[in-house]
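> A structural model of the following input is requested.
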Amino acid sequence: MPQSLSQLYVHIVFHVKNRNCLLRKQEEDHLYAYIGAVIKDNGSIPFEINGVEDHIHILCSMSKNISLARLVEEIKRHSSRWIKGKDNYYSKFAWQGGYGGFSVSPSLYEKTKRYIQNQENHHRKTSFKEEYLLFLKEYRVDFDADYLWTD
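Okay, here's the model as predicted:
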């Protein structure tokens, strides 16, 4: 085969570290745009980025030339550095060490996109911990509960 082709949709979720510095509403749009640019700079395509004060969700199509771990590392490293420069409120900002990465089939693309768009309403009744545990169970991810919430 002369070409390498792929279409890998992934739903990425990660949390702020220790809830010590939550995301403010006024920075959300700029943060999400910045993260979208980081994703593009890594040869991937952002489709939806949204979240609430303590975590974000990303739906993107991954480049065939980067691993998920590397893409998330780039997103976190660059966005953390960027937001720390916004003002003193974010001087101690950090993302958690881990992340969740979940494959999305083309048939669930629109549903996943709507889910990410609706984060504010969703989290009025469901906590991040409840949401994340549901993802882990739905995707049959093995995890050690003793280490899931430590950073």
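
> for the rest of this, base every contact and every neighbour count on C-alpha atoms.
OK.

> could you point out which residue ranges in the protein have low pLDDT?
Residue ranges of the chain with pLDDT under 70: 1, 151.

> swap the cut-off to 90 and go again
Along the chain, the model assigns pLDDT under 90 to residues 1-6, 18-20, 143-151.

> list the helices and strands the lengthiest helix in it packs on?
When the chain is parsed with DSSP state H, its longest helix is helix 68-84. On a contact count with 3 or more Cα pairs under 8 Å, 6 or more residues apart in numbering; DSSP states H and E, helix 68-84 meets helix 28-41.

> now the helix it packs on and helix 68-84, what's the angle there?
140 degrees (axes from the mean of the first three to the mean of the last three Cα atoms, to 10 degrees).

> quick one: contacts of helix 28-41?
Here helix 28-41 makes contact (Cα atoms under 8 Å, 6 or more residues apart in numbering) with Ile45, Pro46, Ile49, Asn50, Leu71, Glu74, Ile75, His78, Ser79, Ile83.

> which secondary structure element contains the second one?
If you go by DSSP states H and E, Pro46 is part of strand 45-52.

> that strand pairs with which strands?
Strand 45-52 sits in its sheet next to strand 55-62 (antiparallel), going by DSSP bridges.

> now do the strand it pairs with: distance to the chain's middle.
5 Å (Cα atoms, centre = their mean, to the nearest Å).

> name the residues that touch it?
7-16, 43-51, 68, 112-113, 116, 128.

> I'd say Ile49 and Ile116 touch.
Yes. If you go by Cα atoms under 8 Å, Ile49 and Ile116 touch, sitting 7.0 Å apart.
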